[in-house]
Every structure is written in C-alpha cells, then in structure tokens.
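Asks: Structure for this input, please:
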Amino acid sequence: MTTLMWRRIAPGLVLLSLVLGMLPASGLAKERGRTVPVDPSIEMEITSDGLTLRPANPLRTGEFWIVPAGTHRVAREAQIDGRRYALIPLILENKAERRPFYAYVRGYRCDTRVRHYAAVDVETFELQPKTWLASDEPCDSVDYWDKGFRVPEQQQPVKFTIRQQSVAEANARRALAGRQAQEAQLEQKRVKARANAESAPAKRQIGASLCTVRHGLGYAGYTEQANEQTGRIRIRIVRNFNPANGQFLLQRPLEESVWEHPDNWNLCDF
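Replies: Residues are numbered from 1 along each chain as shown. Here you go, the predicted structure:
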C-alpha cells in the first residue's frame, strides 16, 4: 500500500474504530434495572379490565399487544431506581396469529429468548409507556425498557388494582373461598334433592316423558314400569337429541329398556 493511499484511508479507519468502540457488545448496554421473582413471602395480584395496546412502530399491519382482562398472579417484578413495577406478560395479536409476545435477542454468550411485559408501578398503579423486556431462560441477562405504545382513547383512563398480601393471608383467603365453594355445592345438592323428591311421583307414572344427558349426548324415553321395592323405574329409550339446542337427531338409536333411579332422569316435554 502506497503512502498516499494510507493517508487517504487512515482517517476513515480511525473514525470507524471509534464508532465500533462505542457500540454495545450485547443488549446488556440497554440495562436500566433488573427483573426479579416476587418475594416468596408476598403474594401479589393485579386486576385489569383488559387493554389493547397499539405499538408505536408495529412490525406488521394490524398488530396489537393485549393485556388480558381479569386477575393475574404476578410472578415477576422489575426494580428500577428504587421503584417496583408489577409485570404482566403481553399477548401479541395480528391478522396471522395470537401468541405470547416474545422475541430473541443476540447476547454475548448466546441468543436469549425474551418476553415483553406491561409494567405497572406498584405504588401509583400507573401503566408505563414502554414494554419491559426480560429473559425467559437467560444465559445473558436482559432487563430494559424496549418498545413504545399508546392506549386508545376509548380505553382511557387506564385502571389497575394491585393487591399484596402475605402468603399466610393468601392461604387463609383461599381456604375461605374453598369452604364457600364447598357450601355452595352442598346447597346445590340439597336443592336438587328437594326437586327430585318433588318430581319422583310424576316420573314413576307409566308413560311419563323423561330425558337425560350423558357424555355430551341426550337420551329421551318414557316410563314403562316402576318397582316400588327398589324405587327404580324401567325407561324405554327411543330418541337421541342434541343437548345444545334440544333438537332430536335424525338417526334413531336402537330402542332399549333400562332400570334406573328416577333421580338420574328429568321430566321433559317432547
């Protein structure tokens, strides 16, 4: 290489080396905080009415990011400059697919699968204007604000409710809910038992129209005989029907008679 040629290209090489020196070696240069599991002694839940977020720079036409409605158990939080943010995994939706919103980031040691989260300030309940990016199974840590979005006017103001409680309190609440659900089931059984007792005489009448649903298929028949000693009745099954709409199926089953307890069948008009 001649001296003249070296003098011409040397300044460009110096500038290129300076630019390369300024570029980050990996996504770690964007780090602004850290993603950690929620304290195991605390149970955190966040409730949302559901949001459809519009990306500031969508990758595809018609792309949205969804915050599902309902109550979410918060498993991870972002900690940034002394503040805490509850993280809700986002759902990506476009014309071609609907799936969890994740991507791959090229790291220093390997490529890392990362997930986009909606971040809500634990103290103010405010939704942050960018997604929080965190590794699913990291070999390189990835924790930073990433993609901007906006909330449609018709979904504003955005409302979140965050509840934090100790694991002992959460267990007590679940135990109470379990007891209430069990009591509700018992009450349903008592109501059904009373209804069965009231309708049993009518089901025992010869010729009474009866029906039941089993394994997603409806059966219709009529009472042929009643056994007062066992309490059972003999039912002649003559038709099948669709439980969703009550319509009889065109194909008739082979007629058969079965002995069963009246509580297993309902009075029906057909």
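
Asks: How many neighbouring residues does the spatially closest residue to Gly207 that is not a sequence neighbour have?
Replies: With CB to CB, 6 or more residues apart in numbering as the measure, Tyr222 is the residue that lies nearest to Gly207, at 5.6 Å, once sequence neighbours are left out. Yep, even glycine has a C-beta here, placed from its N, CA and C like the rest. Other residues lying near Tyr222 total 17 when counted by other CB atoms under 10 Å.

Asks: Tell me which strands the strand or helix carrying Tyr222 pairs with, and in which orientation.
Replies: Assigned by DSSP states H and E, Tyr222 belongs to strand 217-226. Counting by DSSP bridges, the strands paired with strand 217-226 are strand 209-214 (antiparallel), strand 233-241 (antiparallel).

Asks: Test my guess that the residue nearest to Gly207 contacts Ile235.
Replies: Yes: taking contact to mean CB atoms under 8 Å, the distance of 7.0 Å between Tyr222 and Ile235 places them in contact.

Asks: Give me the buried stretch members for the strand holding Tyr222, please.
Replies: Judged by neighbour count using 16 or more other CB atoms under 10 Å, the buried positions of strand 217-226 are Gly218, Tyr219, Ala220, Gly221, Tyr222, Thr223, Ala226.

Asks: nearest to Asp269, of the residues you listed?
Replies: Looking at the buried residues of strand 217-226 and their distance to Asp269, the nearest is Ala220, at 10.3 Å (CB to CB).

Asks: just the strands paired with strand 217-226: most buried one?
Replies: strand 233-241 (a mean of 18; mean count of other CB atoms under 10 Å).

Asks: Tell me what angle the helix or strand just after it forms with strand 217-226.
Replies: On the C-terminal side of strand 233-241, the nearest following helix or strand under DSSP H and E is strand 256-260. On the basis of axes from the mean of the first three to the mean of the last three CA atoms, to 10 degrees, strand 256-260 is oriented at 80 degrees to strand 217-226.

Asks: for the protein, which helix is longest?
Replies: Longest helix of the chain, by residue count under DSSP state H: helix 167-204.

Asks: Could you tell me which residues within it count as buried?
Replies: Burial within helix 167-204, assessed by neighbour count using 16+ other CB under 10 Å, is assigned to Ala170, Asn196, Ser199, Lys203, Arg204.

Asks: My guess is the first one contacts Glu43. True?
Replies: Yes: between Ala170 and Glu43 there is a contact at 4.0 Å, judged by CB under 8 Å.
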